[in-house]
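Novice: here is the input, now give the coordinates:
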Amino acid sequence: MRNDLVKSGERVDDLQNGFFVIQDPKKFCFGMDAVLLSGFARVKKDEAALDMGTGTGIIPILLSQRTEGKHFTGLEIQAECAEMAARSVRYNCLEDRVRIVQGDIKEAAGIFGAASFDVVTCNPPYMIGQHGLTNPHMPKAIARHEILCTFDDVAGQAARVLKDRGRFYLVHRPFRLVELMATLTKYKLEPKRMQLVYPYIDKEPNMVLIEACKGGNSRIQIERPLVVYEKPGVYTRDILELYQMV
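Specialist: Numbers count the residues shown, from 1 in each chain. Here you go, the predicted structure:
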């Protein structure tokens, strides 16, 4: 255990795959959406990936274990979150594969340069101004509401930092699906795969996973639905496999 890297009030969560993540419950903790995105994204051998708005650094850490990608960068605007994510990287001895950078998503191309990544991932804020109540705790509010950036900002910068035919992976809410598709195509990020996530088989979907290709042709594959629970408190086999619990 690397307790010297954990500050007062923080906790260390076991990811059940040999890795751990440091979190502060008073700020923002990762959710299932981040885990789902890490399972949906594909990073091939020798590819470099950027996670925009990385928060705890959970997605780069998971992708470093799940994929053969060469290097993973997490970009986070909040200084305290970026510093904590960097400590998680050191806690897992991943410094050679994962790097955390403090910076603004809206300036990603300026920070890293154009066409510098093969893959971009993002678990962006879901709510616009009139959707839901803004969390009074600013770190959580920034993670959940479009306070510091919009989806247009995210897609525009993803398109700039991606190489030609690079891939953009995101998780979002289905109620914004029309807007998401329109914004992606606006920036020549052609949707290629989509998967809807349902809490239960008889409920409406509450998340959507999308893969878009920079400069890709117009053709999309709709994958089979992903159902989270068989019944309250009991995950489906798909989710158990995703969490590497079977």
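Novice: quickly find the element holding the nearest residue to residue 242 once chain neighbours are set aside.
Specialist: Nearest in space to residue 242, with sequence neighbours left out and distances taken as CB to CB, 6 or more residues apart in numbering, is residue 39 at 4.7 Å. (C-beta placed from N, C-alpha, C; glycine too.) Secondary structure assignment for residue 39, by DSSP states H and E: helix 32-40.
Novice: packing partners of that helix?
Specialist: In this structure, helix 32-40 packs against helix 58-66, strand 162-172, strand 207-214, helix 237-242, with contacts taken as 3 or more CB pairs under 8 Å, 6 or more residues apart in numbering; DSSP states H and E.
Novice: just put these in TSV and tack on mean pLDDT.
Specialist: Output for the helices and strands packed on helix 32-40, formatted as TSV (pLDDT from 0 to 100):
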stretch	mean pLDDT
helix 58-66	96
strand 162-172	98
strand 207-214	98
helix 237-242	93
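Novice: export those to JSON lines and tack on distance to residue 83 and mean neighbour count?
Specialist: Output for those, formatted as JSON lines (distance: least, CB to CB, whole Å; neighbours: other CB atoms under 10 Å):
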{"stretch": "helix 58-66", "distance to residue 83": "15", "mean neighbour count": "24"}
{"stretch": "strand 162-172", "distance to residue 83": "25", "mean neighbour count": "22"}
{"stretch": "strand 207-214", "distance to residue 83": "29", "mean neighbour count": "22"}
{"stretch": "helix 237-242", "distance to residue 83": "29", "mean neighbour count": "15"}
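Novice: of all those, which one comes closest to residue 188?
Specialist: For the helices and strands packed on helix 32-40, the distance to residue 188 is smallest for strand 207-214, at 6.3 Å, taking CB to CB.
Novice: what strands line up against that closest one, and which way round?
Specialist: Sheet partners assigned to strand 207-214 using DSSP bridges are listed as strand 162-172 (antiparallel), strand 189-198 (antiparallel).
Novice: and the next element down the chain from the lengthiest helix in the chain?
Specialist: As assigned by DSSP state H, the longest helix anywhere in the chain is helix 79-91. As assigned by DSSP H and E, the chain's next helix or strand after helix 79-91 is strand 98-102.
Novice: list the contacts of that following strand.
Specialist: When contacts are defined by CB atoms under 8 Å, 6 or more residues apart in numbering, strand 98-102 is touched by residues 54, 57, 60-61, 64, 71-79, 82-83, 85-86, 89, 92, 111.
Novice: JSON lines for the helices and strands packed on helix 32-40, including distance to residue 48?
Specialist: Shown next, in JSON lines, are the helices and strands packed on helix 32-40 (distance: least, CB to CB, whole Å):
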{"stretch": "helix 58-66", "distance to residue 48": "11"}
{"stretch": "strand 162-172", "distance to residue 48": "9"}
{"stretch": "strand 207-214", "distance to residue 48": "14"}
{"stretch": "helix 237-242", "distance to residue 48": "24"}
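Novice: wait, which of the ones you listed is closest to residue 6?
Specialist: So among these, helix 58-66 is nearest, using CB to CB, at 15.5 Å.
Novice: and the very next helix or strand once past the closest one, what's its mean pLDDT?
Specialist: Next helix or strand after helix 58-66 toward the C-terminus (DSSP H and E): strand 71-76. Computed over strand 71-76, the mean pLDDT rounds to 98.
Novice: ok, of the contacts of strand 98-102, which come out buried?
Specialist: Burial by neighbour count, 16 or more other CB atoms under 10 Å: within the contacts of strand 98-102 this picks out 54, 57, 60-61, 64, 71-78, 82, 85-86, 89, 92, 111.
Novice: in the protein, which helix or strand is least confident?
Specialist: Using mean pLDDT, DSSP states H and E, helix 138-144 stands out as the lowest-scoring helix or strand of the chain, at a mean of 47.
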